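Engineer: Using only what follows, build the 3D model:
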Amino acid sequence: MRYALALIVLMLAPAAQAQTGGPADVIARQFDAFRADDLDRAFSFASPMIRGMYGTPQNFGLMVERGYPMVRDPGPVRMLDLREEGGKTLQRVEVTDGKGMIHLFDYEMIETENGWKINGVRFIESPPMAA
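Structural biologist: A predicted model of the protein is given here:
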């Protein structure tokens with residue numbers, strides 16, 4: 001009986017992981033939500049701290065629109081390296097805006113009981129480049 005239960009748990013673990021996704025998948029799904037103008041869904045990928053700071057999907061969307069317009073209305077997005085730095089999980093993301101300018105960001109990710117969440121986004125200085 002124990003063996004059967006352990007086997008079931010092992011079989012279901014990949015399905016649970018696929019459902020919540022890794023950091024890159026969560027970020028990609030938030031970009032998809034922004035493209036669809038679904039602020040409720042975009043806000044759902046934010047960490048509890050970020051959700052507490054902005055309170056509502058509308059406040060969160062306004063902050064992203066004002067501070068990160070290329071994230072709110074993205075062109076092509078490419079996931080780069082995922083790394084640990086200073087005890088933080090960081091996903092580097094390349095976003096091309098509507099003018100063809102490339103922007104680099106580090107997304108700080110935290111793992112919660114509800115899967116990976118975005119805990120902050122930081123601009124990375126890079127020379128402007130056209131796509």
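Engineer: where does Glu125 land on pLDDT?
Structural biologist: The score at Glu125 is 74. That number is its pLDDT.
Engineer: wait, I meant Ala33
Structural biologist: Looking at Ala33, its pLDDT reads 98.
Engineer: got it, and the one 3 residues further on?
Structural biologist: Reported pLDDT at Ala36 in the predicted model: 97.
Engineer: Can you report how many residues lie near it?
Structural biologist: For Ala36, the count of nearby residues is 10 (other C-beta atoms under 10 Å). Glycine gets a C-beta too; all of them are placed from N, C-alpha and C.
Engineer: Asp37 belongs to a helix?
Structural biologist: No: secondary structure of Asp37 (DSSP: H, G, I helix; E, B strand; the rest coil): coil, not part of a helix.
Engineer: hang on, isn't Pro76 packed against Thr96?
Structural biologist: Yes: Pro76 lies in contact with Thr96 (C-beta atoms under 8 Å); the separation is 4.7 Å.
Engineer: who has more neighbours, the two?
Structural biologist: With neighbours defined as other C-beta under 10 Å, Pro76 and Thr96 compare such that Thr96 has more, 18 against 11.
Engineer: wait, what's in contact with that one?
Structural biologist: Met70, Pro74, Gly75, Pro76, Val77, Ile102, His103, Ala131 (C-beta atoms under 8 Å, 6 or more residues apart in numbering).
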